[in-house]
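Enquirer: Okay, here's the prediction I keep looking at, along with the sequence it came from:
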Amino acid sequence: MARKLTKKQRHFVTEYVENGENGTEAALAAYDTDDRQNAANIASQNLKNPTVASKIEIALEKKGVTLDKVAERINESLDATKWAYDRESADYLKTEAPDFGARQKGIDTVVKIVGANAPKKTQIEFQGVLAVGDIEEIRKALQG
């Protein structure tokens, strides 16, 4: 059976969903801290907690935010184009010019979600004495 949330965790869930899913801001609002680093750590712990994560997912679904909608928005960002202000109509118009900043954010989000940014781990076994020159050769070999 899932554990119940504390009052602060419930407040965190509410703030997280209402503020656009910013964990640090939610922790600053829900917990007794003004320190952003501390709030980021609290947010990280809360988001890793299966009970908190489940409540967030339920709250987001109630708001109409589903994984399919998130994936759709990320996909849209990969083809983002710039907007330009039209003085005649006093409105913003979509252009054909690529918005590379938005596209990069979309790519970064996808990479983060799939874990492709995890560092490659290489195991090296060595016996003997290692000279400074050897270290440079190893570094070059590892870099390709």
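Expert: Okay, I see it.

Enquirer: Quick one: mean pLDDT over stretch 37-51.
Expert: For stretch 37-51, the mean per-residue pLDDT is 93.

Enquirer: Helices of the chain, start to end?
Expert: 7-18, 23-30, 36-48, 50-62, 67-77, 100-114, 132-143 (DSSP state H).

Enquirer: for the second one, which positions count as buried?
Expert: Within helix 23-30, the residues that count as buried by 16 or more other Cβ atoms under 10 Å are 23-30. C-beta coordinates here come from the backbone N, C-alpha and C atoms, glycine included.

Enquirer: Report the angle between that helix and helix 7-18.
Expert: Orientation check (axes from the mean of the first three to the mean of the last three Cα atoms, to 10 degrees): helix 23-30 against helix 7-18 gives 130 degrees.

Enquirer: Helix 23-30 - contacts with which helices or strands?
Expert: Helix 23-30 sits against helix 7-18, helix 36-48, with contacts defined as 3 or more Cβ pairs under 8 Å, 6 or more residues apart in numbering; DSSP states H and E.

Enquirer: now, of those, which is deepest in the fold?
Expert: Compared across the helices and strands packed on helix 23-30, helix 7-18 shows the largest average neighbour count, a mean of 18 (mean count of other Cβ atoms under 10 Å).

Enquirer: What helices and strands are in contact with it?
Expert: By 3+ Cβ pairs under 8 Å, 6+ apart, helix 7-18 packs against helix 23-30, helix 36-48, helix 50-62.

Enquirer: what's the closest of those helices to Glu136?
Expert: helix 36-48 (36.4 Å; Cβ to Cβ).
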